[in-house]
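**Student:** Kindly generate the corresponding structure for this input.
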Amino acid sequence: RKFLQAASRYYDLAALGSQTDIIDTDEIVEFLGKAATCAILAPSSAQRQRVLGLVYNDERLLQLDSISHFSTHSSILSKMYKEQVIRRGDDLKKFEDSLADHQRALMSDGLTIVERALIEHNMVAVSQIYSNIYFTALGQLLGLSSARAEKIASKMILDGSLKASIDQLDWVLTFSDQESALVSWDGAITSFCVQLNAVADAVRQIS
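**Tutor:** As a prediction, the model looks like this:
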């Protein structure tokens with residue numbers, strides 16, 4: 001169940017396949033589909049967002065739509081990468097039906113792996129929409145009881161995947177001012193490029 005690591009390895013294979021003729025084209029797309037599956041199932045984190053971004057920006061992603069067992073992967077992954085709330089529907093049902101038995105396992109908290117991934121994602125997506133929200137309303141959005149929503153929010157705050165605080169008197173979840181993981185990642189890339197250019201200029205001046 002190390003889905004994040006698996007997603008990275010599958011994507012590495014898909015990327016390697018595009019640089020060599022050793023791997024068939026069909027196998028490359030299969031690796032990309034498996035990378036998408038594992039990235040969707042991985043727990044919410046900045047590292048997961050990075051892997052989602054790699055798969056989302058891969059020009060072969062839409063090829064998955066023509067493969068029956070990956071037909072909804074690009075749609076779900078795109079919504080996750082863009083931090084949009086995902087509702088239960090036919091796409092999610094098709095995604096769940098495509099999973100292997102171990103990917104449908106029931107966790108110790110009573111949720112399946114898919115349910116946990118979806119709830120954690122939607123919790124982060126809600127934080128991009130609201131500055132604060134009552135747990136009764138949050139539970140309705142997530143399809144959970146308000147008490148269950150509070151418990152999951154508490155766990156995510158503790159493990160650092162959600163920046164928020166809980167007012168237990170008013171039973172309100174208040175989100176911290178934060179950039180989305182997408183914006184934060186783009187900012188990190190921009191900063192790196194600026195620093196790299198500065199070093200290159202300095203080297204040229206010395207030489």
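**Student:** CA atoms only for stretch 111-128 - export them in CSV, please.
**Tutor:** Extracted C-alpha coordinates of stretch 111-128, given in CSV (Å, rounded to 0.1, in the frame of the first residue of the first chain):
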residue,chain,number,x,y,z
LEU,A,111,-12.9,3.3,5.2
THR,A,112,-11.8,1.7,2.0
ILE,A,113,-8.6,3.1,0.4
VAL,A,114,-10.6,4.9,-2.2
GLU,A,115,-13.0,6.4,0.3
ARG,A,116,-10.1,7.7,2.4
ALA,A,117,-8.2,9.2,-0.6
LEU,A,118,-11.4,10.9,-1.8
ILE,A,119,-12.3,12.3,1.6
GLU,A,120,-8.8,13.6,2.2
HIS,A,121,-8.7,15.2,-1.3
ASN,A,122,-12.1,16.8,-0.8
MET,A,123,-11.1,18.1,2.6
VAL,A,124,-8.1,19.9,1.0
ALA,A,125,-10.3,21.1,-1.9
VAL,A,126,-12.8,22.6,0.6
SER,A,127,-10.0,24.5,2.2
GLN,A,128,-9.4,26.3,-1.1
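**Student:** Give me the residues contacting it.
**Tutor:** Stretch 111-128 is contacted from outside by 1, 3, 40-44, 80, 83-86, 92, 95-96, 99, 103-107, 109, 133, 138, 141-142, 144, 152-153, 156, 161-164, 175, 178, 180-181, using CB atoms under 8 Å, 6 or more residues apart in numbering. No exception for glycine: its C-beta is placed from N, CA and C like everyone else's.
**Student:** Among those residues, which are located in helices?
**Tutor:** Among the contacts of stretch 111-128, the members falling in helices (DSSP state H) are 3, 40-41, 80, 92, 95-96, 138, 141-142, 152-153, 156, 181.
**Student:** Buried ones only from those, please, as a ChimeraX command.
**Tutor:** This is the ChimeraX syntax for the buried subset of the ones in helices among the contacts of stretch 111-128, where burial follows 16 or more other CB atoms under 10 Å:
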select :3,40,41,80,92,95,96,138,141,142,152,153,156,181
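**Student:** pLDDT for the ones in helices among the contacts of stretch 111-128 - can I get that in a markdown table?
**Tutor:** Shown next, in a markdown table, are the ones in helices among the contacts of stretch 111-128 (pLDDT from 0 to 100):
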| residue | pLDDT |
| --- | --- |
| 3 | 95 |
| 40 | 97 |
| 41 | 96 |
| 80 | 95 |
| 92 | 92 |
| 95 | 95 |
| 96 | 94 |
| 138 | 95 |
| 141 | 91 |
| 142 | 92 |
| 152 | 94 |
| 153 | 94 |
| 156 | 93 |
| 181 | 50 |
